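**Q** Give me coordinates for this.
(one chain, ligands or ions: 1)
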Amino acid sequence: MAQLRLQGVYKRYDNAEKGIFRSRKAKQQNGYAVENLTFTCEDGEFVGILGPSGCGKTTTLRMLAGLETITAGGIFIGETRINGLLPKDRNIGLAFEDYALYPPLTVYENLAFNMRAKDKPDAEIKKAIDYVAPLLKVEELLDMKPSALSGGQKQRVNIARAIVRRPGLLLLDEPLSHLDGKMRQQLRHEIKRMHHEIKCTTIIVTHDQMEAMSLADRIVIMKDGNLQQMGEPLEVYDNPANEFVAGFIGEPPMNLLSSVIARADRGFLFTFPGSELRIEVPSRYHGIVSEGQRVTLGVRPVDVMVADGLTMGSEAPIAIYENLGDERRMSVRVGDGLLNMTTPGDVWYEKGQPVRLEFKAEKTHLFDPATGKRLG
Ligand code: ATP
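**A** This is a model prediction of the structure:
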């Protein structure tokens, strides 16, 4: 398949046209489930669409599949506009979170169904199934009926059915969300292996950042129907475009602290209302901050450290201290909020103990509290 491109795509559901909204949020967005969505997916690329519930992920996937009309904009494969085409003419394989297998048919016949509907010869169908069955480890299941399969097995069959005709574009909607932790991990590895083997352009929709980070070449992050950022997993982790992405990607989440900039002898300090804590502003921000400016300071828990006794700085008390085996997590009170950090397993602290903090300067992020946009 050539490049897939969404160009300024909008979706407003019909009931919104009549003033009927599904939720308060939908009303706030004036019924637009997706707004001005533009991104491209290269041939063979694996793209994850990630975002919280209601952000428009499934709507986007359904528009790509042709199951939903688009209100404005265009969907292109290469230079061909496809949003006028019927789903069956788009050469797309679909696997949704509910397996929707045909219960009376064996796994083999489920896999063969669409090819039979297109009058493909038996030998061609068998060849196609012989190819995909091992890729998704369903060879042993071919004679079984869906009712005899576990959730994980049903999802394997579901995905195998979506790729058996070798579609140009494979769309996966939360394929792992019904599965338990271990099964999720296993199937995640298999999906990755399968993609590596067939190199089919694939889009997965998920609200699970771990799934998106581990499977996708690039991630599209959405909120309230709008694209927030598209980039490689490490790019969105290391350089979040705004406060929303910063807080959404990463576990435990990034600390986002309200701060007021103060002058210091040499440079500036981050101060935090209601707290004695003062942190030196890294020199790379000196050109963009000024005294009295309000900023949101982002720092991941792994990038906050307890400073040694020689380091200058102020202290803050430990509010929560948790032992998780190989690491300890603690939270330090900063004004009304908590600053979370992880500490090595071989050092012990006590609740209430004041600690001096140090942030890895190159791992701090600044955001404009009014717009949420990244500064610098
Ligand atoms: P989830 O992760 O919960 O599935 P999502 O990110 O996939 O959420 P969508 O299902 O695409 O989000 O929904 C986006 C918005 O569109 C929501 O406000 C939702 O209420 C609204 N919406 C979805 N389907 C319809 C519909 N058929 N009619 C009206 N509004 C709809």
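**Q** Close to the ligand: what parts of the stretch 51-200 of the chain are there?
**A** Listed as neighbours of the ligand in the stretch 51-200 of the chain under the rule C-beta under 6 Å from any ligand atom: Gly51, Ser53, Gly54, Cys55, Gly56, Lys57, Thr58, Thr59. Quick note: C-beta positions are derived from backbone N, CA and C, even for glycine.
**Q** what's the burial count for Ala95?
**A** With neighbours defined by other C-beta atoms under 10 Å, the count for Ala95 comes to 24.
**Q** Start at 816, not 1
**A** Okay, residue one is now 816; in that scheme the one you just asked about reads as Ala910.
**Q** Excluding sequence neighbours, find me the nearest residue to it.
**A** Ala977 (4.2 Å; C-beta to C-beta, 6 or more residues apart in numbering).
**Q** Phi and psi next, for that neighbour.
**A** Main-chain dihedrals, Ala977, degrees, to the nearest 10: phi -70, psi -30.
**Q** mind checking how far it is from Cys1015?
**A** 10 Å (C-beta to C-beta, to the nearest Å).
**Q** cool, and Met1145?
**A** Computed with C-beta to C-beta, the distance linking Met1145 and Cys1015 is 45 Å.
**Q** Comparing those two, which residue is more hemmed in?
**A** Under the neighbour definition other C-beta under 10 Å, Met1145 and Cys1015 were set side by side, and Met1145 has more, 24 against 20.
**Q** State the three-state secondary structure for that one.
**A** Following DSSP: H, G, I helix; E, B strand; the rest coil, we place Met1145 in the strand state.
**Q** Against Pro918, how distant is it?
**A** Applying C-beta to C-beta, the value for Met1145 to Pro918 is 52 Å.
**Q** any weak-confidence spans in the protein?
**A** For the chain, the stretches with pLDDT under 70 are 816, 831-836, 839, 842-843, 1124-1128, 1160.
**Q** try it again with 80
**A** Applying pLDDT under 80 to the chain picks out residues 816-817, 829-846, 912-914, 993, 1123-1129, 1139-1142, 1159-1163.
**Q** centroid residue for it?
**A** By C-alpha atoms, centre = their mean, the chain has its centre lying nearest to Leu865, at 3.1 Å.
**Q** Identify, by residue count, the longest helix of this structure.
**A** Looking across the chain with DSSP state H, the single longest helix is helix 996-1013.
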